[in-house]
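[1] Sharing a model prediction with you, sequence too.
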There are 2 protein chains.
Amino acid sequence: MPERIAIIGLGLIGGSVARGLRARGHEGVLVGCVRTPADADRALALGLVDEAGTDAAVAVAGADLVVVAVPIGAMADTLATIAPALAPAAAVTDVGSTKLSVIAEARAGLGERFARFVPGHPIAGTEHSGLEAGFAELYAGRRVILTPTAETDADALATVTGLWHGLGARVTEMGAAHHDEVLAATSHLPHVLAFALVDSLARMAERTEIFDYAAGGFADFTRIASSDPTLWSDIVGANRDAILPVLSRYIGDLETLRAAIEQGERAPLMDCFGRAKQARDRFTAARGG
Amino acid sequence: MPERIAIIGLGLIGGSVARGLRARGHEGVLVGCVRTPADADRALALGLVDEAGTDAAVAVAGADLVVVAVPIGAMADTLATIAPALAPAAAVTDVGSTKLSVIAEARAGLGERFARFVPGHPIAGTEHSGLEAGFAELYAGRRVILTPTAETDADALATVTGLWHGLGARVTEMGAAHHDEVLAATSHLPHVLAFALVDSLARMAERTEIFDYAAGGFADFTRIASSDPTLWSDIVGANRDAILPVLSRYIGDLETLRAAIEQGERAPLMDCFGRAKQARDRFTAARGG
């Protein structure tokens, strides 16, 4: 594990990296970069890092590994800010939910250091955010997808793979475009659907009462609608090309179901619901119940 | 609490009524009716009821209270079967997720006993079903909606209200049409959306891999897609008139979001996601976190 690790952003994702490294006995220096001096004090008080500040260029100076854990919307600026301050041998990685967009930003922002950048995405999270949201075991047993390019240095890739293994995660490599398609289907689309449903219901006249009579299934279904709106607006914008086809197909599927319901046809509902239950039950079994 | 209580159907909902009555010290006789002799043996072995069989008319004979806990699709037949066997003073209730349809079936099936019928719906459940799915505390602190008609006898209503209070639930009365609209929004529509999403993804070529990279948010969002397809096809069919308008509006909302995403407009996403998070967070706070 690298001696000096800088983590830019100590929210749910970056904070969990810091807590996980601590909990698993990392003995080097952890440097955190946050948005305000008050957050820096708080991060130190929480024991998340050894050093904390608000200047990303200062944070990465001398670091062997830099984890950029900022929202997708802040990625380009952050990468451009740290580029001139990076040690030549430093490996850099990110945790963004979209990869083609981040790779383009890293190529532009990091310039000649781009080969040291390993695009990454831990498939883990909760609907919470902020300095207090992280926990040491967030990545234990979870998947991390790395999407190295043809230019990515092998030893930077090995360093970043080692980081995630050290946090208990399972690391997979795939192409960035493929990552973006898979995540559009399993994460970005569900977030859009959940946000849209809760907003749709909240705009109904009798909204207070409606939520009064919602049960546990509704709570589960809409949990991701408590996610950060700015973060998710940026993710959807950044992965637009992959999200639009799955969203369009989904709307088409709903139109088909609506027509069946309107005409009182039961078979299309049984077919759809039955296939869905089978797939969902297989998914549950694969996750170990 | 009535001395002799017949429960028709001992799945998640009926089984939890039986278990809850036992756990809370009901000292009368519980009679269960299930679909097969093997299930009757199993219900007795599990200690769910004192007597079990497969003939609903036999089960209700002499009962002071009858809880019809069969799927929506079996409601009409069940009510017609028990009508001639009901004691004149017996109160009858159901647990169906739609109320206008059940009231129509009860009026037709129960005939002159219709005034003893109290339409009911406990807002509680899980995605599981079957004899083993129930648990005694399913209704503790949860809402039960009763939708009595102008013809419903006051003492039958009091008996059924007492049943649910005895199981720890909070009882609310409202009109059946209003119930159906509220539940279309908070329960029936989300089930349709979750089934449709999982089916949509399961039909993608790379489906195995897609589910491999799904995380906790996806598991929560799609939990209700593990619900029983037959039950839910019947619910959607029975509550079609209330579901169609909310489904249509939701599809319209998705079309609006899709257009915004296509045109790279960020503001409509921020507005929708922001309103949704506010509403979802209020909902969470109202549920006590």
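    Alright, I've got the coordinates.
[2] quick one: what helix or strand has A:Arg144 in it?
    Arg isn't right for residue A:144; it's Val. In the assignment (DSSP states H and E), A:Val144 maps to strand A:143-146.
[3] remind me which residues of the stretch 151-289 of chain A are low pLDDT?
    A:205-208, A:289 (pLDDT under 70).
[4] Please give me every residue in contact with the most centrally placed residue in chain A.
    Chain A has A:Ser97 as the residue nearest its centroid, 4.2 Å off, counting by Cα atoms, centre = their mean. By Cβ atoms under 8 Å, 6 or more residues apart in numbering or on different chains, the contact list for A:Ser97 reads A:72, A:121, A:183, A:187-188, A:235, A:239. Glycine gets a C-beta too; all of them are placed from N, C-alpha and C.
[5] what separates the strand holding A:Val144 from the chain centre, distance-wise?
    Offset of strand A:143-146 from its chain centre (Cα atoms, centre = their mean, to the nearest Å): 10 Å.
[6] Remind me what it packs against, helices and strands.
    Strand A:143-146 sits against strand A:120-122, helix A:154-166, strand A:170-173, with contacts defined as 3 or more Cβ pairs under 8 Å, 6 or more residues apart in numbering or on different chains; DSSP states H and E.
[7] just checking, which of these sits deepest inside the structure?
    strand A:120-122 (a mean of 25; mean count of other Cβ atoms under 10 Å in any protein chain shown).
[8] Now do it: everything it contacts.
    With Cβ under 8 Å, 6+ apart, strand A:120-122 has contacts from A:13, A:93-97, A:99, A:138-139, A:142-147, A:160, A:164, A:169, A:179, A:183.
[9] Can you turn the buried part of these into a PyMOL selection?
    Of the contacts of strand A:120-122, the buried ones can be selected in PyMOL as follows, counting by 16 or more other Cβ atoms under 10 Å in any protein chain shown:
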select buried, chain A and resi 13+93+94+95+96+97+99+138+139+142+143+144+145+146+147+160+164+169+179+183
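[10] So A:Phe68 sits against A:Ala90, correct?
    Not quite, residue A:68 is Val, not Phe. No: look at A:Val68 against A:Ala90 with Cβ atoms under 8 Å: they stay out of range, at 11.6 Å.
[11] those helices in the stretch 101-250 of chain A, which residues are they?
    A:154-166, A:176-183, A:189-202, A:207-212, A:216-221, A:229-238, A:240-262 (DSSP state H, counting those that start in this stretch).
[12] Can you add distance to B:Gly53 and give the ones you listed back as CSV?
    CSV is the format used below for the helices of the stretch 101-250 of chain A (distance: least, Cβ to Cβ, whole Å):
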stretch, distance to B:Gly53
helix A:154-166, 58
helix A:176-183, 51
helix A:189-202, 43
helix A:207-212, 39
helix A:216-221, 32
helix A:229-238, 54
helix A:240-262, 36
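[13] picking up where we left off before, can you put the helices and strands packed on strand A:143-146 in TSV and add distance to B:Glu105?
    Converted to TSV, the helices and strands packed on strand A:143-146 look like this (distance: least, Cβ to Cβ, whole Å):
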stretch	distance to B:Glu105
strand A:120-122	51
helix A:154-166	57
strand A:170-173	52
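[14] Can you say which of the ones you listed is nearest to A:Leu254?
    strand A:120-122 (28.4 Å; Cβ to Cβ).
[15] Starting from the closest one, tell me which strands it pairs with and how they run.
    strand A:143-146 (antiparallel) (DSSP bridges).
[16] Show residues contacting the partner strand.
    So strand A:143-146 is contacted by A:93, A:99, A:118-124, A:157, A:160-161, A:164, A:169-174, A:179, B:212-213 (Cβ under 8 Å, 6+ apart).
[17] any idea of the mean pLDDT for stretch A:91-103?
    On average, the pLDDT along stretch A:91-103 is 97.
[18] Can you give me the end-to-end span of it?
    With Cα to Cα, to the nearest Å as the measure, the ends of stretch A:91-103 fall 15 Å from one another.
[19] How many residues are close by A:Leu73?
    For the record, residue A:73 is Gly, not Leu. 16 (other Cβ atoms under 10 Å in any protein chain shown).
[20] Could you check which helix or strand contains the closest residue to A:Ala69 other than its chain neighbours?
    Closest residue to A:Ala69 apart from its sequence neighbours, by Cβ to Cβ, 6 or more residues apart in numbering or on different chains: A:Gly14 at 3.0 Å. Element membership for A:Gly14 (DSSP H and E) is helix A:12-23.
[21] Show the average pLDDT along that helix.
    97.
[22] Alpha carbons of that helix, in CSV - could you do that?
    Taking Å, rounded to 0.1, in the frame of the first residue of the first chain, the C-alpha atoms of helix A:12-23 are listed here in CSV:
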residue,chain,number,x,y,z
LEU,A,12,-19.6,8.9,1.6
ILE,A,13,-17.1,7.5,-1.0
GLY,A,14,-13.9,9.2,-0.1
GLY,A,15,-14.7,9.1,3.6
SER,A,16,-15.2,5.4,3.4
VAL,A,17,-11.9,5.0,1.7
ALA,A,18,-10.2,6.9,4.6
ARG,A,19,-12.1,5.0,7.3
GLY,A,20,-11.5,1.6,5.5
LEU,A,21,-7.7,2.3,5.3
ARG,A,22,-7.6,3.2,9.0
ALA,A,23,-9.6,0.2,10.0
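[23] What residues sit buried inside the following helix or strand past that helix?
    Next along the chain after helix A:12-23, taking DSSP H and E as the criterion, comes strand A:29-33. Of all the residues in strand A:29-33, those buried under the rule 16+ other Cβ under 10 Å are A:29-33.
[24] for strand A:29-33, packing partners?
    strand A:4-8, helix A:12-23, strand A:51-53, helix A:56-60.
[25] how much does it deviate in direction from helix A:12-23?
    160 degrees (axes from the mean of the first three to the mean of the last three Cα atoms, to 10 degrees).
[26] Off-centre distance for the helix or strand that strand A:29-33 is followed by?
    Moving toward the C-terminus from strand A:29-33, the next helix or strand (DSSP H and E) is helix A:37-45. Between the centre of helix A:37-45 and the centre of its chain there are 23 Å (Cα atoms, centre = their mean).
[27] repeat for stretch A:43-52
    The answer for stretch A:43-52 is 22 Å, by Cα atoms, centre = their mean.
[28] So what would you say the end-to-end distance of that stretch is?
    Note: stretch A:43-52 ends 7 Å apart using Cα to Cα.
[29] model confidence over that stretch, on average?
    Mean predicted confidence for stretch A:43-52 is 97.
[30] Next: stretch A:26-34.
    Here the average pLDDT along stretch A:26-34 is 97.
[31] which residues touch that stretch?
    Against stretch A:26-34 from outside (Cβ under 8 Å, 6+ apart): A:1-10, A:14, A:18, A:21-22, A:40, A:43, A:48-56, A:58-60, A:63-64, A:131, A:166.
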